[in-house]
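J.: With the input below, show me the fold.
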Amino acid sequence: MITHDADRSNAGRARPPAWGLRHPVMLTALVALMLTQMAWAQRTPLKPGWNMFSPQQDVEMGQQVSRDAEQQVPMLNDSRVDKYLNNLGRTLASHAPGEKYPYQYKCVNDRAINAFALPGGFVYINRGVIEAADNEAQLAGVMAHETAHVALRHGTNQATKAYIAQVPLAILGGALGNKNSVAAVMAQIGAGFATNSLLLKYSRTAESQADEMGTQVLYDSGYDPRAMGQFFEKIQGEEGSGRQVEFFSNHPNPDNRIERVDQEIGQLGAPVRGAKTDSREFQNIKSYIQSLPAPRGGTQNLAGNTGSGRRSTHGLQIQSASYGTSDRFTDVRELLQSRVQNDRLSFKVTNASMGGDPAKSQKKTLRLNYGWAGRTYDVTAKENQQVSIPTAAQQQTQTGRSSGTQPEWPSNRSTPFENSVLRINHPDNWQAYGQGDATFTIAPDRGLVDDGRGNQALAYGLIVNMYEPRFTRNDRQQLQPRGYGQSSQMSLEEATDRLIEDLRLSNQGMRIIRSPEDIRVNGERALSTDLSNESPLGGRETNWLVTVPRPEGLLFFVFVAPDRDFQSYNHAFRIMLDSVRFRQ
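T.: Next comes the predicted model:
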């Protein structure tokens with residue numbers, strides 16, 4: 001077909017293509033998109049560490065501990081202030097990566113400059129923070145920092161590591177098979193609000209991560225991210241002024257904190273045009289709080305280890321308890337009473353479990369008097385000794401220990417279990433327990449038994465968990481969540497040795513009976529180690545330990561059975577290990 005272009009008759013000049021007029025707009029949008037992607041690529045990548053709890057269990061733990069917290073700290077209970085904090089906090093939380101927790105923000109009637117966050121999104125801001133902040137962006141910086149602790153799951157990550165280090169291996173397996181595993185773990189490690197060192201006192205690494213993610217959240221929420229560093233500078237200046245600043249006692253100050261925040265800001269890209277710094281609503285709320293009566297009875301120290309806790313109205317009662325040496329003893333009665341669960345109390349005597357070190361560089365002793373079943377008993381325990389009360393001999397009711405009935409033999413038919421880390425097949429007459437990132441137990445019926453101390457323990461089955469090796473000053477590089485076994489300077493042998501050292505700390509009867517040997521798991525290099533341990537059924541058990549380096553950390557499998565039965569279960573255990581398939 002021949003057509004006539006009228007425009008060509010106009011001195012031979014061709015009309016520009018229609019898209020040419022839109023080209024500058026498209027190019028601008030493309031450049032903006034590229035800059036946005038570059039900013040995201042340069043920001044520090046962060047993700048939660050290993051965890052035996054699921055995000056849903058984070059919320060469950062947070063709910064339990066928040067109830068205790070609100071009984072122990074003076075809540076402002078002002079709907080106007082809490083509504084403002086919730087509106088601001090949820091704006092920030094909408095930009096926090098990872099799990100979308102049911103965040104809630106409340107004000108504490110305390111003029112000390114402090115804030116804290118519990119697992120699952122329960123965030124508390126002292127009125128002193130609002131009074132000290134010059135503008136809304138500075139308050140948002142504190143709230144973004146606490147929100148980051150929740151998003152990075154620092155509380156339950158701490159609880160996981162403490163639990164692994166403190167409890168015997170069989171109890172770990174039993175806790176994962178317990179329907180009330182959160183309550184069971186909290187009872188073992190004392191992760192209540194009164195003993196907040198686990199849930200509220202973080203490492204400097206965790207603080208740096210919260211600073212970096214908090215800065216990102218501020219930026220993404222449209223606030224000037226420099227406000228976080230400005231507030232840190234402000235409260236550092238307050239420390240010598242007589243004003244109570246508790247933030248750094250609960251949040252250890254990383255080296256070059258303000259410089260690291262500024263460095264993160266530099267990696268976020270160009271400043272947000274019109275970044276928000278202040279609002280009339282913030283200034284109104286600040287003036288309103290300053291007009292309220294002063295808190296009664298002074299301030300509540302969130303870093304302390306005292307608190308009324310919840311006392312049982314019957315059963316096991318801690319009459320007196322003190323921890324220390326010579327004439328330097330600290331009263332820990334309320335601390336221990338708050339940990340009593342189902343009239344049972346089991347713990348290892350350490351500075352951490354006792355709430356602090358009353359006499360540095362000296363050997364300490366716990367003196368304990370308790371009442372149970374109408375009688376009183378005295379206990380003296382040295383540091384690092386395990387204490388479980390009442391003792392098995394004192395218990396007058398059936399403990400539920402295995403009556404000798406053999407668990408059902410592994411079926412020849414299998415069924416899969418999978419989570420975010422791996423997939424594994426197990427006998428279809430066995431059951432898998434656990435909802436954490438990697439941590440779970442697989443056991444037959446009657447494979448979980450009562451250890452005679454009120455704890456559910458694993459006697460037959462498999463424990464799978466993730467381990468983060470401890471680093472000393474001599475180690476050249478920290479283990480990072482990603483790239484383990486590649487970027488880390490720690491070898492698989494070194495990491496396995498440290499895992500065994502930690503397991504032996506909480507399993508006093510454990511010993512190595514066959515040194516680590518190379519094997520393969522799903523094509524990946526692994527180490528196989530045979531251990532002997534005390535069985536919750538009495539006598540000895542075999543623990544077959546298999547360790548595999550993964551991006552998340554050192555993944556380990558422990559296959560468990562009494563010595564007399566291990567060879568009979570060994571075939572089923574090897575089939576299970578051979579079925580493992582890692583997620584990419």
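J.: Please enumerate the helices of the stretch 401-550 of the chain.
T.: Here the stretch 401-550 of the chain has its helices, by DSSP state H, counting those that start in this stretch, at 492-506.
J.: Poorly predicted segments of the stretch 351-500 of the chain, please.
T.: Judged by pLDDT under 70, the stretch 351-500 of the chain has its weakly predicted residues at 373-374, 392-405, 435-437, 453-454, 470-489.
J.: okay, now the nearest residue to Pro102 once chain neighbours are set aside: neighbour count?
T.: With sequence-adjacent residues excluded and distances taken as CB to CB, 6 or more residues apart in numbering, Pro102 is closest to Gly121, at 5.6 Å. All C-beta atoms are positioned from the backbone trio N, CA, C, and that covers glycine. By other CB atoms under 10 Å, 27 other residues sit near Gly121.
J.: State the pLDDT value of Gly121.
T.: We note a pLDDT of 96 for Gly121 in this prediction.
J.: Check the one 10 residues further on too.
T.: Per-residue confidence at Glu131 stands at 95 (pLDDT).
J.: helices or strands next to the helix or strand harbouring it in the packing?
T.: Per DSSP states H and E, Glu131 falls inside helix 127-132. Contacts defined by 3 or more CB pairs under 8 Å, 6 or more residues apart in numbering; DSSP states H and E place helix 127-132 against strand 104-108, helix 136-151, helix 226-238, helix 280-291.
J.: Go again with 6 Å.
T.: If you count contacts as 3 or more CB pairs under 6 Å, 6 or more residues apart in numbering; DSSP states H and E, helix 127-132 packs onto helix 280-291.
J.: looking only at pLDDT, what's the mean for the helix it packs on?
T.: Mean predicted confidence for helix 280-291 is 96.
J.: how about low-confidence regions in the stretch 51-200 of the chain?
T.: The stretch 51-200 of the chain contains residues with pLDDT under 70 at 164-198.
J.: on that earlier part again, now the residue nearest to Pro102: how far from Asp82?
T.: Distance of Gly121 to Asp82, given as CB to CB, to the nearest Å: 14 Å.
J.: What is the burial count for the residue lying closest to Arg226 once chain neighbours are set aside?
T.: Using CB to CB, 6+ apart and skipping the chain neighbours, the partner closest in space to Arg226 is Ile265 (6.4 Å). Other residues lying near Ile265 total 20 when counted by other CB under 10 Å.
J.: what's the helix or strand that contains Ile265 packed up against?
T.: Here Ile265 sits within helix 257-267, counting by DSSP H and E. Secondary-structure packing of helix 257-267 (3+ CB pairs under 6 Å, 6+ apart): helix 204-220, helix 226-238.
J.: list the buried ones in the helix holding Glu131?
T.: Arg127, Gly128, Val129, Ile130, Ala132 (16 or more other CB atoms under 10 Å).
J.: Any chance of those in JSON lines with distance to Arg520 as columns?
T.: Shown next, in JSON lines, are those (distance: CB to CB, whole Å):
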{"residue": "Arg127", "distance to Arg520": "59"}
{"residue": "Gly128", "distance to Arg520": "57"}
{"residue": "Val129", "distance to Arg520": "53"}
{"residue": "Ile130", "distance to Arg520": "57"}
{"residue": "Ala132", "distance to Arg520": "57"}
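J.: Val142: which of those residues is nearest?
T.: Distance to Val142, by CB to CB, is smallest for Val129 among these, at 5.4 Å.
J.: pretty sure Phe440 is touching Gln431, no?
T.: No: using CB atoms under 6 Å, Phe440 is not in contact with Gln431, being 10.5 Å away.
J.: Neighbour count: the two, which is higher?
T.: Set side by side, Phe440 and Gln431 show more neighbours around Phe440, with 23 against 18, by other CB under 10 Å.
J.: what bridges to the more buried one?
T.: Beta-bridge partners for Phe440, by DSSP bridges, are Val464.
J.: tell me the two of the buried residues of helix 127-132 that are most distant?
T.: Using CB to CB, the two most remote members of the buried residues of helix 127-132 are Arg127 and Ala132, lying 9.6 Å apart.
J.: so what's Pro48 closest to, chain neighbours aside?
T.: Using CB to CB, 6+ apart, the closest residue to Pro48 is Arg153 (4.0 Å).
J.: what's the distance between Gly269 and Arg226?
T.: On the measure of CB to CB, Gly269 and Arg226 end up 14 Å apart.
J.: Among the two, which residue is more densely surrounded?
T.: The neighbour comparison of Gly269 against Arg226 (other CB under 10 Å) goes to Arg226, with 21 against 17.
J.: Local confidence estimate at the more buried one?
T.: With respect to pLDDT, Arg226 scores 94.
J.: Kindly report the same for Gln263.
T.: 91.
J.: Glu238 too?
T.: pLDDT recorded at Glu238 is 67.
J.: Domains in this structure, by residue range?
T.: Split into domains by automatic domain parsing, the chain comes to 55-291, 317-389, 414-582.
J.: out of those domains, deepest packed?
T.: Mean neighbours per residue, mean count of other CB atoms under 10 Å, is largest over these for domain 55-291, with a mean of 21.
J.: residues contacting the closest residue to Asp211 other than its chain neighbours?
T.: Closest residue to Asp211 apart from its sequence neighbours, by CB to CB, 6+ apart: Val261 at 5.5 Å. Counting by CB atoms under 6 Å, 6 or more residues apart in numbering, Val261 touches Asp211, Thr215, Met228, Gly229.
J.: Need those residues in JSON lines (columns: distance to Asn465).
T.: JSON lines is the format used below for the contacts of Val261 (distance: CB to CB, whole Å):
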{"residue": "Asp211", "distance to Asn465": "29"}
{"residue": "Thr215", "distance to Asn465": "32"}
{"residue": "Met228", "distance to Asn465": "35"}
{"residue": "Gly229", "distance to Asn465": "38"}
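J.: between these, which is closest to Gln317?
T.: Among the contacts of Val261, Asp211 lies closest to Gln317 (CB to CB), at 43.8 Å.
J.: Relative to Glu264, how far out is that closest one?
T.: 7 Å.
J.: do the same with Ser66
T.: Plainly put, Ser66 is 30 Å away from Glu264 if you go by CB to CB.
J.: what's the answer for Glu146, then?
T.: Taken as CB to CB, the span from Glu146 to Glu264 is 17 Å.
J.: What of Phe556?
T.: Separation of Phe556 from Glu264 (CB to CB): 34 Å.
J.: Can you tell me, leaving aside adjacent residues, what's nearest to Asp95?
T.: Asp isn't right for residue 95; it's His. Once flanking residues are discounted, His95 sits nearest to Asp220: 4.1 Å by CB to CB, 6+ apart.
J.: now the helices and strands packed on helix 257-267 in a markdown table, with distance to Thr277?
T.: Below are the helices and strands packed on helix 257-267 laid out as a markdown table (distance: least, CB to CB, whole Å):
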| stretch | distance to Thr277 |
| --- | --- |
| helix 204-220 | 11 |
| helix 226-238 | 7 |
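J.: With Leu76 as the reference, name the closest of these.
T.: Closest to Leu76 of those is helix 226-238 (CB to CB; 20.1 Å).
J.: ok, and what's touching the closest one?
T.: Defining contact as CB under 6 Å, 6+ apart, one finds that helix 226-238 is touched by Ile113, Ala137, Gln138, Gly141, Thr215, Val245, Phe247, Ile258, Val261, Asp262.
J.: just to revisit the earlier point, was I right about the residue nearest to Arg226 contacting Tyr223?
T.: No: contact criterion CB under 6 Å: Ile265 and Tyr223 do not qualify, at 11.5 Å.
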